[in-house]
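Participant: Predicted coordinates and the sequence they were generated for:
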Amino acid sequence: MPLLNTVMKWLLISIRNLSSEKNNVRFLIDPANPSVNQKSKVADHLSNVVGYFSNVDAYVRYMTSLLALKPVGHSPALKPEFGAVINDVRFQYSINPSVHRCEKVNLFIIVISAPGNFVHRKLVRRTWGSHLNGSKHGEQPTAKFAFLIGSTNDTTVQNNIRAESIINKDLIQVDLMDSYMNLTLKTVAMLYWSFHFCPDAKFILKCDDDVYINVPHLITLVSRLPLNSSTVYGSAVANLKPTRPRDVDAISLGMDDDEKKWAISEQLWPWSTYPTYVSGGCYLIDSAAIGPLLAAAQTTPYFPFEDLYVNGLCARKANVQVLASDRMLGAVLDVVEDLLDDNWWLMKNFVAWLTSSADEMIASHLATQAYFTHDCRAGSNQKDLRIPRFNWSHILLEDPEEEEETIAV
């Protein structure tokens, strides 16, 4: 099956070839033509792994053995106690903003974007990104943003990217081919960039370029959170079970391409459940968690779903606290009801929300501006404009029946 082969081919990339300055990779197994011995090896491993996902150590042992991963001796361990380094996370960046971009910054937002998403980036700059450029909402800490993109083989696109970078000075381009299957590597490259080029930022917010950020709520939230807590904040994805390729074959007529991308074989994820994690659309990382997460990525075999990998596996490996709230990430379900209705549902209740079109991004911006203007507030209760109360829940629980502890902020 092409889908399964694509996923397997990506996952078998775990050790970098440092013979060049690029972040090239090599395959440990040919997923398209597995040998009889390789098929037998997979069967042997599967016979020892059954039931619910238990802990990240089981994942590391299983995948390291299955893929015959070997230590990368030339890559120094950030935390030797985490185990052998099997992934070289020292990425190179062909385009990098000025080193001064992160100076005196409390919050730095990294927007994950594709090389050809010029319109998406322009919309971000003209909508919520404009709220970070000199405007203040209450006691606003210093905040800036940049876009992280991968490499492209399209010369025209690359030339336009360089022109865009010269004009806006807000692009980070990692030397890694941009693709959905490389999204995990791209997110680890974000961690590496934050660790080395933005160490003074108190918080890093990761979001996608189709997410609208409610800047006033975000700034207020950040000002209330404790510092150096080694915590990731996001919106929980819980009780999720793997979609198997056979399930895709059975119901593919009713599935869109995004749903099909989530198919994973028993060989690559033998457990019947996924651990709880926070959505990759938007999550906030305390700076004290960046180093431990990066160290965990050095020692944890890659998995193609970046949010599950970073916030589900690496966070557990690094003992990073993950707190979830439904208020972190919403979605535009109906433009009229969610953005234009007098109850201001999204603007009142969420730090960020997903959009599905340029029209929704623009409507989100206009509605947010209206909500926070004096004209709008004149006829409303001032208390309604405060940031919503967050009840953060610990989600890194090994025992699914254990009660979740909540922390109000």
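Facilitator: Received it, and whenever you're ready, just let me know what you need.
Participant: only C-alpha atoms for contact and neighbour calcs from this point on.
Facilitator: Fine.
Participant: Show me the shaky parts of the stretch 301-409 of the chain.
Facilitator: Applying pLDDT under 70 to the stretch 301-409 of the chain flags the ranges 342, 374-388, 396-409.
Participant: now the helices: where do they sit in it?
Facilitator: 306-307, 315-318, 335, 345-349, 358-371, 374-377 (DSSP state H, counting those that start in this stretch).
Participant: Any chance of CSV for those, columns mean neighbour count and distance to residue 213?
Facilitator: Listed next are the helices of the stretch 301-409 of the chain as CSV, based on neighbours: other Cα atoms under 10 Å; distance: least, Cα to Cα, whole Å:
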stretch, mean neighbour count, distance to residue 213
helix 306-307, 22, 19
helix 315-318, 23, 24
helix 335, 14, 16
helix 345-349, 21, 10
helix 358-371, 19, 9
helix 374-377, 12, 20
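Participant: want to try CSV for the ones you listed, with distance to residue 76 as columns?
Facilitator: Listed next are these as CSV, based on distance: least, Cα to Cα, whole Å:
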stretch, distance to residue 76
helix 306-307, 23
helix 315-318, 17
helix 335, 50
helix 345-349, 44
helix 358-371, 43
helix 374-377, 54
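Participant: and residue 182, which of those helices is closest to it?
Facilitator: Closest to residue 182 of these, according to Cα to Cα: helix 306-307, at 8.9 Å.
Participant: any low-confidence regions in the stretch 1-150 of the chain?
Facilitator: Judged by pLDDT under 70, the stretches of the stretch 1-150 of the chain that qualify are 1-51, 98-99, 133-141.
Participant: can you pull out the helices in it?
Facilitator: 2-11, 36-46, 56-66, 118-126.
Participant: Outside of the shortest one itself, which residues are in contact with it?
Facilitator: Contact with helix 118-126 is made by 113, 130, 147, 209, 210, 212, 358, 361, 362, as judged by Cα atoms under 8 Å, 6 or more residues apart in numbering.
Participant: and what of stretch 327-347?
Facilitator: The contact list for stretch 327-347 (Cα under 8 Å, 6+ apart) reads 214, 233-235, 281-283, 349-356, 360, 363-364, 367-368, 371, 388, 390.
Participant: ok, which stretches of the stretch 301-409 of the chain are strands?
Facilitator: Remark: strands assigned in the stretch 301-409 of the chain by DSSP state E, counting those that start in this stretch are 321-324, 329-331, 352-354, 391-394, 406-408.
Participant: and the fourth one, how far from the chain's centre?
Facilitator: Offset of strand 391-394 from its chain centre (Cα atoms, centre = their mean, to the nearest Å): 19 Å.
Participant: Mind listing the strands it pairs with, and their directions?
Facilitator: Each strand paired with strand 391-394, and its direction, by DSSP bridges: strand 321-324 (antiparallel), strand 406-408 (antiparallel).
Participant: Note down every partner strand of the longest strand anywhere in the chain and its orientation.
Facilitator: Longest strand in the chain by number of residues (criterion: DSSP state E): strand 143-151. Strands that pair with strand 143-151, judged by DSSP bridges, come out as strand 107-112 (parallel), strand 171-177 (parallel).
Participant: Quick one: closest of the ones you listed to residue 80.
Facilitator: strand 171-177 (26.1 Å).
Participant: Convert that closest one to PDB, retaining C-alpha atoms only.
Facilitator: Coordinates of each C-alpha in strand 171-177 appear next as PDB, following Å, rounded to 0.1, in the frame of the first residue of the first chain:
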ATOM      1  CA  LEU A 171      11.700  33.700   8.000                       C
ATOM      2  CA  ILE A 172      13.600  30.700   9.400                       C
ATOM      3  CA  GLN A 173      14.400  28.100   6.700                       C
ATOM      4  CA  VAL A 174      15.800  24.800   7.900                       C
ATOM      5  CA  ASP A 175      17.800  22.600   5.600                       C
ATOM      6  CA  LEU A 176      15.300  19.900   5.500                       C
ATOM      7  CA  MET A 177      12.900  19.000   2.700                       C
END
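Participant: and the following helix or strand past it, how far from the chain's centre?
Facilitator: Downstream of strand 171-177, the next assigned helix or strand under DSSP states H and E is helix 183-197. Taking Cα atoms, centre = their mean, the mean C-alpha location of helix 183-197 is offset from the chain mean by 10 Å.
Participant: and what of stretch 234-246?
Facilitator: Relative to its chain's centre, stretch 234-246 lies at 15 Å (Cα atoms, centre = their mean).
Participant: Kindly report the same for stretch 281-292.
Facilitator: Relative to its chain's centre, stretch 281-292 lies at 10 Å (Cα atoms, centre = their mean).
Participant: Kindly check the end-to-end length of it for me.
Facilitator: 21 Å (Cα to Cα, to the nearest Å).
Participant: average pLDDT across it?
Facilitator: The pLDDT scores in stretch 281-292 average 98.
Participant: if we can go back for a sec, export the strands paired with strand 143-151 as CSV, with columns for distance to residue 224 and mean neighbour count.
Facilitator: Listed next are the strands paired with strand 143-151 as CSV, based on distance: least, Cα to Cα, whole Å; neighbours: other Cα atoms under 10 Å:
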stretch, distance to residue 224, mean neighbour count
strand 107-112, 13, 24
strand 171-177, 29, 23
